[in-house]
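S.K.: Sequence first, predicted model second:
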Amino acid sequence: MERLYLISFGEIALKGENRPFFERMLTQRIKQVIMPYDKNVQLKNVHGRIYCFTQAPKEKVAEALKKVFGIVYICPAVSCENNIEDIKNTALEVIKEQDYYGKTFKVETRRPNKSFPLKSPEVNAQVGAYILSNIEGLKVNVHDPDIRLDIEIREKTFIYSEKIPGPGGLPIGCTGKAISLLSGGIDSPVATYMIMKRGVEIEPIYFHSFPFTTDRAKEKVIDLCKVLAGYSGKIRLHVVNFTEALKEIGKNTPEEFLTIMMRRMMVRVADKIAEERGAKALVTGESLGQVASQTMEAIAATNEVASMPIFRPLIGFDKIEIMDIARKIGTYDISIEPYADCCSVFVPKHPKIRPAICEVHKAEEDIDVEKLVSMCIEGIEIFDVTP
Ligand SMILES: Nc1ncnc2c1ncn2[C@@H]1O[C@H](COP(=O)(O)OP(=O)(O)OP(=O)(O)O)[C@@H](O)[C@H]1O
């Protein structure tokens, strides 16, 4: 009898040539999250699943694996020899570890290994009868059991009664790298999470405007990166000193265009950093119509200055839906701390809601865009943030 975790990953996405690459990325990430609890963790890829052998405490393993993108299910299992006596005894042990008294159960056998002499229904019947005759307080219910005991007969037999859902998605890094514009708000950490979940390695960029915004606002973004790093491993955060650029923009553009000008400047800087860092896309937390700067026209004006795609995973989401995800992934409580970022400090009284692109160009005429972008890039501070 040996303990292990059976880890299933999303099969549809993992078909074709990319599969070995996806599996390698996933295996690496699993190793990375278990190693702090057990340096000797062993992983084995078998039949489109990963077997994880570790002595680490179960709660730690479950907690760590629940944050690994690409994992669909984690089953803490016990393995035994392919003979019915061993299977019956092991199944009984697995049931005894549960809080079983007064509950119902069902045995569900799969037998990919056809050389095993008993068919699945026979295994179900024999194991079920054995359990019933050895413990009291448990009944069978094949339709809606409290405990479902899975038996898989393969090169060995695996028995488990728990299926812990993973986050799904694709392993981090397998679809490339993007730069995410991360403010301290509720939306951009959620947008970042959603793109990470699609297998993208993220380097966030934050535009800091001290003293218009406090240093606590910067720390808040670092704290958000710590939470996000829990899903991806170490995160490289770029903090841009945006104060001088902001002053120039404030001085040289009509007030109603302030937000759109700030956003265009942020995207230009992010675009340059992305190029330098080998990233192929930008990410923002915009959602259509949420505020004046998130109209189609404003979004078009922002897109115009980017050389690469801007991913906006929240574009069709309501605020309530975004808040729900923020709570689930653990960023909400940090995001609602009251340290505003520059976009909420510099809000024009009457922002231009549907700016025509020619008006935007005109409003930008008196700004030395190249100079401001270089200035922002020169002053960048890098933080390597770990969970
Ligand atoms: N200071 C900043 N640093 C980095 N990115 C920013 C900053 N301010 C805004 N952004 C980016 O621009 C997007 C839109 O910002 P805006 O303030 O209009 O919207 P929001 O809905 O309040 O977003 P959030 O909740 O993410 O702050 C943000 O989601 C983020 O991607």
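M.R.: All right, it came through fine. Small disclaimer: the values here were computed from a predicted structure and weren't measured.
S.K.: hey, C-alpha coordinates of the helix or strand where V33 lies in CSV?
M.R.: Assigned by DSSP states H and E, V33 belongs to helix 19-34. C-alpha atoms of helix 19-34 as CSV (Å, rounded to 0.1, in the frame of the first residue of the first chain):
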residue,chain,number,x,y,z
ARG,A,19,1.4,18.0,-25.3
PRO,A,20,4.9,17.0,-24.1
PHE,A,21,5.7,20.6,-23.6
PHE,A,22,2.6,21.3,-21.6
GLU,A,23,3.2,18.3,-19.5
ARG,A,24,6.8,19.3,-18.8
MET,A,25,5.7,22.8,-17.8
LEU,A,26,3.1,21.4,-15.5
THR,A,27,5.4,18.9,-13.9
GLN,A,28,8.0,21.6,-13.2
ARG,A,29,5.4,23.8,-11.6
ILE,A,30,4.0,21.0,-9.4
LYS,A,31,7.6,20.2,-8.3
GLN,A,32,8.1,23.9,-7.5
VAL,A,33,5.1,24.2,-5.2
ILE,A,34,5.6,20.9,-3.3
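S.K.: What residues of that helix count as buried?
M.R.: Within helix 19-34, the residues that qualify as buried are 22-23, 25-27, 29-30, 33-34, counting by 16 or more other CB atoms under 10 Å. C-beta here means a position set from N, CA and C on the backbone, and glycine is covered the same way.
S.K.: how about the residues of the stretch 101-250 of the chain near the ligand?
M.R.: 181-183, 185-188, 206-207 (CB under 6 Å from any ligand atom).
S.K.: Quick check, the residue in the stretch 251-387 of the chain closest to the ligand?
M.R.: G285 (2.7 Å; CB to the nearest ligand atom).
S.K.: could the buried residues of helix 19-34 be laid out in JSON lines, adding distance to E136 and pLDDT?
M.R.: Putting the buried residues of helix 19-34 into JSON lines (distance: CB to CB, whole Å; pLDDT from 0 to 100) gives the following:
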{"residue": "F22", "distance to E136": "47", "pLDDT": "88"}
{"residue": "E23", "distance to E136": "45", "pLDDT": "90"}
{"residue": "M25", "distance to E136": "48", "pLDDT": "92"}
{"residue": "L26", "distance to E136": "43", "pLDDT": "94"}
{"residue": "T27", "distance to E136": "43", "pLDDT": "95"}
{"residue": "R29", "distance to E136": "44", "pLDDT": "95"}
{"residue": "I30", "distance to E136": "39", "pLDDT": "97"}
{"residue": "V33", "distance to E136": "40", "pLDDT": "97"}
{"residue": "I34", "distance to E136": "38", "pLDDT": "97"}
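S.K.: after the helix holding V33, next one along is what?
M.R.: Immediately after helix 19-34, counting by DSSP H and E, sits strand 42-46.
S.K.: Skip ahead from that following strand and say which helix or strand is next.
M.R.: Sequence-wise, the next helix or strand downstream of strand 42-46 (DSSP H and E) is strand 49-53.
S.K.: That following strand - contacts with which helices or strands?
M.R.: Helices and strands touching strand 49-53, by 3 or more CB pairs under 8 Å, 6 or more residues apart in numbering; DSSP states H and E, are strand 2-9, helix 19-34, strand 42-46.
S.K.: Quick one: low-confidence residue ranges for the stretch 251-387 of the chain.
M.R.: Applying pLDDT under 70 to the stretch 251-387 of the chain flags the ranges 339-347.
S.K.: how many neighbours does I179 have?
M.R.: Neighbourhood size, I179 [other CB atoms under 10 Å]: 26.
S.K.: which residues touch the closest residue to it other than its chain neighbours?
M.R.: Nearest residue to I179 in three dimensions, chain neighbours excluded: A274, at 4.3 Å (CB to CB, 6 or more residues apart in numbering). When contacts are counted by CB atoms under 8 Å, 6 or more residues apart in numbering, A274 touches 178-179, 280-282, 308.
S.K.: again, only this time at 7 Å
M.R.: A274 is in contact with 179, 282, 308, counting by CB atoms under 7 Å, 6 or more residues apart in numbering.
S.K.: Checking my notes, it in a helix, right?
M.R.: Yes: counting by DSSP: H, G, I helix; E, B strand; the rest coil, A274 is part of a helix.
S.K.: buried sites along the helix or strand hosting V227?
M.R.: Assessed by DSSP H and E, V227 sits inside helix 215-232. Within helix 215-232, the residues scored as buried using 16+ other CB under 10 Å are 217-218, 220-232.
S.K.: So the closest residue to V142 other than its chain neighbours: helix, strand or coil?
M.R.: The shortest distance from V142 to any non-neighbouring residue, by CB to CB, 6+ apart, is to K106 (5.0 Å). Three-state call for K106 (three-state DSSP): strand.
S.K.: K106: neighbouring residues, count only.
M.R.: 17.
S.K.: The ligand versus N40, what's the distance?
M.R.: If you measure N40 against the ligand using CB to the nearest ligand atom, to the nearest Å, the figure is 41 Å.
S.K.: Please renumber the chain so that the first residue is 43 from this point on.
M.R.: Let's use 43 as the start, then, which means that last one is N82.
S.K.: Okay, the closest residue to that residue other than its chain neighbours and V120: tell me how far apart.
M.R.: Nearest residue to N82, sequence neighbours excluded (CB to CB, 6+ apart): Q97, at 7.3 Å. Noted for Q97: a distance of 14 Å to V120, by CB to CB, to the nearest Å.
S.K.: which of the two has more neighbours?
M.R.: Using other CB under 10 Å as the criterion, Q97 and V120 rank with V120 on top: 18 against 11.
S.K.: what is the mean pLDDT for the stretch of helix or strand that one belongs to?
M.R.: Element membership for V120, per DSSP H and E: strand 113-122. The average pLDDT for strand 113-122 rounds to 97.
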